[in-house]
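S.K.: Model the structure of this input:
(2 chains)
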Amino acid sequence: MTKMNKKGFTVLELILAFTLTTIVVVYLMQIISLVHAMYISNNQKTEALIKQSNIMDQIYRDLDEKTLRSISTCEPNCSTLTLTFTTGESKTISINNNQKIVKYGDYAVQYDSNMKIENIQTSNTTFKNDEGEVMGSNLYDAILQIKIPISINESSYDINAVYQYNTTLNNVTIG
Amino acid sequence: MKKKNINGFMLTETLIVAVFVCSVLILLFTLLQRVESNFKKTFSYNTASSLYLTKEFKDYISNNYLELLIKDYVESPDAYFDLTNCDLKYFSSEDYCINLKEKLGISRVIFLSSDFYREKYTDIYSSRLGQDLIDFIDYVNEDEGGKRYRIVVSFKDGTYATLKLRGDNLYD
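M.R.: Purely as a prediction, here's the structure:
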């Protein structure tokens, strides 16, 4: 009579082990997928934030250190805007939507191809009362805004430069 | 008499393994939540863009009635001043202030001092200021000794920034 082999696993044990392993693997795959998506998304955001801060740093450095004299016309929006300072120096902000390049003077950044970059928008608002007196703060009575809307997946990384000035001390002309 | 099957796993062993595996998975999820939360802070707290825009508002406040603002704050029992509505007492032109806020993309401006942290007001004002703003104020956690005044700005795009206005050389 053949002796029965008592080594090995029962069917029930195999089914139980297989089920547990499947559950663990499914959860692990979800975690890996989540981490991967997080990595790609956060990598994109980090790059966009770095580029945003670099361009704004360039623009604000000039706006803080020099006095703005005029900007070129940009109605209702434009792909190129020239800033002229009282030192005689001019710098141009330009958008190349095909290559996703935003340039300020000699400094340029290239965004990811799936970023949405819109044209430059400007607005120049002055605040004076009927007597022509300064209505803003003791120093400022006008606000110039230069904005480049940049976004991806409903997250906004706009380049938004706001320049406050006094029209009596230094008027900024457009054109 | 039937022989007992001594091969296979006990129920206890199976349960122990299952509990161990579940604990590891829960720990992994918790860690990922923390990573996600830290990423969120990095992307929305004191970004370069929001700091530049906050500086513009800080310059505007500094050129208006800052001395009066600090004097009123020191004498007031309030833990913070909400400057969002451009109170004409502290700004010479409500129109200018509102326009500036709009262009800067600001949704809220709070003026407070380092006392806000010492007195643990973050717990008391979470319902009034909103938990997100309180989390940011907590994150800044100003308590260097002496008195510091700050503006805390929340923007419409969900970012937050803060800048110091004045040190402890006034109205102590």
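S.K.: so after the helix or strand of chain B with the lowest mean pLDDT, what's the next helix or strand?
M.R.: Between all helices and strands in chain B, the lowest mean by mean pLDDT, DSSP states H and E belongs to helix B:121-124, at a mean of 66. Downstream of helix B:121-124, the next assigned helix or strand under DSSP states H and E is helix B:126-129.
S.K.: Can you give me the buried ones in that next one?
M.R.: The neighbour-count criterion (16 or more other Cβ atoms under 10 Å in any protein chain shown) identifies B:126, B:129 as the buried residues of helix B:126-129. (Each C-beta comes from the backbone N, C-alpha and C, glycine too.)
S.K.: Tell me which helix or strand comes right after it.
M.R.: Downstream of helix B:126-129, the first helix or strand assigned by DSSP H and E is helix B:131-140.
S.K.: Would you check how far apart the closest residue to residue A:86 other than its chain neighbours and chain B are?
M.R.: Nearest non-adjacent residue to residue A:86, counting by Cβ to Cβ, 6 or more residues apart in numbering or on different chains: residue A:67, 4.4 Å away. Residue A:67 is 15 Å from chain B, where distance means Cβ to the nearest Cβ, to the nearest Å.
S.K.: Who are the contact partners of the most centrally placed residue in chain B?
M.R.: With the centre of chain B defined as its mean C-alpha position, the nearest residue by Cα atoms, centre = their mean is residue B:136, 1.0 Å away. Residue B:136 sits next to B:45, B:152, B:154, B:160, B:162 when contact means Cβ atoms under 8 Å, 6 or more residues apart in numbering or on different chains.
S.K.: Could you turn the buried ones of those into a ChimeraX selection?
M.R.: Buried members of these, defined by 16+ other Cβ under 10 Å, are picked up in ChimeraX with:
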select /B:45,152,154,160,162
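S.K.: and the contacts of residue B:136 near chain A, which?
M.R.: Residues of those in contact with chain A (Cβ under 8 Å from any Cβ of the partner chain): none.
S.K.: out of the contacts of residue B:136, which are inside strands?
M.R.: B:152, B:154, B:160, B:162 (DSSP state E).
S.K.: How about the second one, nearest residue that isn't a chain neighbour?
M.R.: Translated: residue B:154. The shortest distance from residue B:154 to any non-neighbouring residue, by Cβ to Cβ, 6+ apart, is to residue B:108 (4.4 Å).
S.K.: So what does that neighbour have for phi and psi?
M.R.: The phi/psi pair for residue B:108 (degrees, to the nearest 10) reads phi -160, psi 140.
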